[in-house]
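Enquirer: A predicted structure for the sequence below; I have some questions about it.
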Amino acid sequence: MTTIAELPPGFADKVLSAQSTFRSVMDAMARPGSVRRIVPTSGAPHTMRRGTAAIALTLFDHDTPLWLDARMSESTDVTKWLKFHTGAPVVQDSSIASFALISDGAALPSLERFALGTSEYPDRSTTLILQVDSLDSGRSFDLSGPGIDGVATLQASIKPFDLFERLRVNETLFPRGIDVVLVADDAVVAIPRTTRVVNKGS
């Protein structure tokens with residue numbers, strides 16, 4: 001059993017690293033499809049990428065209900081690390097989560113199971129933090145929408161393979177919807193609900 005003393009540390013410089021990570025995530029949201037690097041943590045639990053850990057340390061607190069996929073929730077190191085470093089309450093009901101950490105994209109639940117926001121409060125939706133294999137190789141996707149000059153191209157290796165097809169539900173839900181942050185090691189790409197994505201050449 002892992003003790004508190006044995007948990008991986010957080011940021012080496014908590015304030016500066018959190019500020020830098022926050023800017024990187026906001027830049028990624030403002031420029032969908034662009035790859036941003038974030039300050040990695042000094043350590044992270046085994047099933048959590050360094051970028052995911054940095055986002056958790058920056059955005060999660062005791063007021064942000066958090067849902068974990070099966071692989072994350074089954075890791076006592078992950079749950080202990082999150083509780084110790086962020087205080088974020090882990091919830092079983094995905095429909096009330098502010099954030100969802102997804103380590104196994106192939107097992108991503110239906111998006112309708114997450115909070116989609118309301119017309120009055122569209123921001124009360126779940127942001128998915130989805131760990132992926134690569135954000136610089138793999139299939140090519142064309143992105144368009146606010147924050148993109150014309151069309152942007154993203155190369156990525158992502159599970160589930162039909163992620164962007166699933167996200168088309170955002171078109172009918174807007175201004176409600178799901179925002180996604182893709183994480184590969186210390187690289188992040190944001191896919192806000194306003195972004196349209198298609199397989200390149202399709």
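Expert: Sure, I can see it.

Enquirer: going by neighbour count, list what's buried in the top helix by length along the chain.
Expert: Counting by DSSP state H, the longest helix found in the chain is helix 14-30. By neighbour count with 16 or more other Cβ atoms under 10 Å, helix 14-30 contains the buried residues Ser17, Ala18, Ser20, Thr21, Ser24, Val25, Ala28, Met29. Quick note: C-beta positions are derived from backbone N, CA and C, even for glycine.

Enquirer: contact partners of that helix?
Expert: With contacts defined as Cβ atoms under 8 Å, 6 or more residues apart in numbering, helix 14-30 is touched by 11, 34, 36-39, 41, 54-55, 57-59, 147, 179, 181, 188-190, 192.

Enquirer: can you list the strands that the helix or strand just after that helix pairs with?
Expert: Next along the chain after helix 14-30, taking DSSP states H and E as the criterion, comes strand 36-37. For strand 36-37, the paired strands and their directions (DSSP bridges) are strand 187-191 (antiparallel).

Enquirer: using PDB, list the CA coordinates for the partner strand.
Expert: Below are the C-alpha coordinates for strand 187-191, written out as PDB (Å, rounded to 0.1, in the frame of the first residue of the first chain):
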ATOM      1  CA  ALA A 187       1.700  17.800 -25.100                       C
ATOM      2  CA  VAL A 188      -1.900  18.900 -25.100                       C
ATOM      3  CA  VAL A 189      -4.500  19.700 -27.800                       C
ATOM      4  CA  ALA A 190      -7.900  21.200 -27.100                       C
ATOM      5  CA  ILE A 191     -11.100  20.400 -29.000                       C
END
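
Enquirer: many thanks, we can stop here.
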